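**Student:** here is my input; please provide its structure:
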Amino acid sequence: MLWVIPITILLAWLFRSPFEINKTRFGDVELVKCKGSVTRVVIPKKVTRIKDGAFSDCYYLKSVVIPEGVKSIGDYAFSRCRSLTSVVIPKSVKLIGKDVFKGCHSLSSIEIPESVTSIGMEAFWDCRSLTSVTIPPYQSGVSEGMFRDCTSLKTVTIPEDVTWIGTHAFLNCRSLTAVTIPQNVAQIGPGAFQGCTSLTSVEIPESVMKIGNCAFEGCPKLMIRAPVGSYAEQYARKYNIPFESTNP
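**Tutor:** Residues are numbered from 1 along each chain as shown. Just a heads-up that it's a prediction; the model follows:
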């Protein structure tokens, strides 16, 4: 039997959109949800916000193009996109929500522009293929669990604007070898570098006045480098961590 499909239905099927898009009362165009088992996505240029969970659990998604004009990426937006390998965030983005790339196991590189002023907690948790990252300026802190379980992360650049490093920020970053804490940081949270088994050197400035419990637990190769008489030196002596002076 020969089936005849009306041309209007055929065209609708061929050019159907994989997106659910909504316009808010404030004039923003939200990408609400990506539908189907897509592998590559080019987000429409009219979109200004990517809503919470828009691409979560898109297991087959390998690449995404985010257009200029997008201002915020919501919580869990790309969480558990296990095949996603790289993302370029445009300069229009200011806010990145919590758990945005959590569980993106294949994500090996990401570019975060200087326009981003806020990154939510656990944004890159369990991005186990991520090897290096530069945190953009104008961040007040490194959020709780931001790079937790990023086991391939070797280098991280923390900007001078940062004043605190959150709980478990770099927990179990087993490939991380050295970190320089910026001059404005006042506190390092509990478990911040716990389980960083390859960490050999952390340079801590005199500005740091509080280091939380287990901040460097499970770092058997670690040497703390800091000014003589600083809080960091006292911490190192208390917990029998090798110490080296940064004094001239």
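**Student:** next, the contact list for Val142, please.
**Tutor:** If you count contacts by Cβ atoms under 8 Å, 6 or more residues apart in numbering, Val142 has them with 135, 158, 162, 164-166, 169. The C-beta positions use only the backbone N, C-alpha and C, and glycine is treated the same way.
**Student:** among those, which ones are in helices?
**Tutor:** Among the contacts of Val142, DSSP state H puts none in helices.
**Student:** format those as CSV; extra columns: distance to Ala77, pLDDT and neighbour count.
**Tutor:** Listed next are these as CSV, based on distance: Cβ to Cβ, whole Å; pLDDT from 0 to 100; neighbours: other Cβ atoms under 10 Å:
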residue, distance to Ala77, pLDDT, neighbour count
Ile135, 19, 94, 20
Ile158, 24, 96, 19
Val162, 24, 96, 20
Trp164, 25, 98, 19
Ile165, 24, 98, 28
Gly166, 20, 97, 22
Ala169, 21, 98, 27
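**Student:** show me which of these is closest to Arg225.
**Tutor:** Lowest distance from Arg225 to the contacts of Val142 (Cβ to Cβ) belongs to Ile158, with 15.2 Å.
**Student:** which residues does that closest one contact?
**Tutor:** 135, 142, 165, 179-182, 185.
**Student:** same deal with Asn184?
**Tutor:** Contacts here follow Cβ under 8 Å, 6+ apart; on that basis Asn184 touches 160-163, 207.
**Student:** what about stretch 113-123, average pLDDT?
**Tutor:** Taken as a whole, stretch 113-123 has a mean pLDDT of 96.
**Student:** residues contacting it, please?
**Tutor:** Contacts of stretch 113-123 (Cβ under 8 Å, 6+ apart): 75, 89-102, 112, 135-139, 143-146, 148, 166.
**Student:** quick one: distance of that stretch to the chain centre.
**Tutor:** Counting by Cα atoms, centre = their mean, to the nearest Å, stretch 113-123 is centred 7 Å from the centre of its parent chain.
**Student:** how about the secondary structure of the one residue sitting closest to the centre of the chain?
**Tutor:** Centroid-nearest residue in the chain, with Cα atoms, centre = their mean: Phe124, separated by 3.5 Å. Three-state call for Phe124 (DSSP: H, G, I helix; E, B strand; the rest coil): coil.
**Student:** what do you get for Val156?
**Tutor:** Per three-state DSSP, the local secondary structure of Val156 is strand.
**Student:** which residues does it contact?
**Tutor:** Applying Cβ under 8 Å, 6+ apart to Val156 gives the contacts 132-135, 147, 170, 176, 179.
**Student:** phi and psi next, for Val202.
**Tutor:** With angles defined as degrees, to the nearest 10, Val202 sits at phi -130, psi 120.
**Student:** what number of residues lie near Glu114?
**Tutor:** Neighbour count for Glu114, taken as other Cβ atoms under 10 Å: 11.
**Student:** my bad, Asn247
**Tutor:** Close neighbours of Asn247, defined as other Cβ under 10 Å, add up to 9.
**Student:** who wins for most neighbours among the contacts of Asn184?
**Tutor:** Neighbour tally across the contacts of Asn184 (other Cβ under 10 Å): the maximum, 20 neighbours, falls on Val162.
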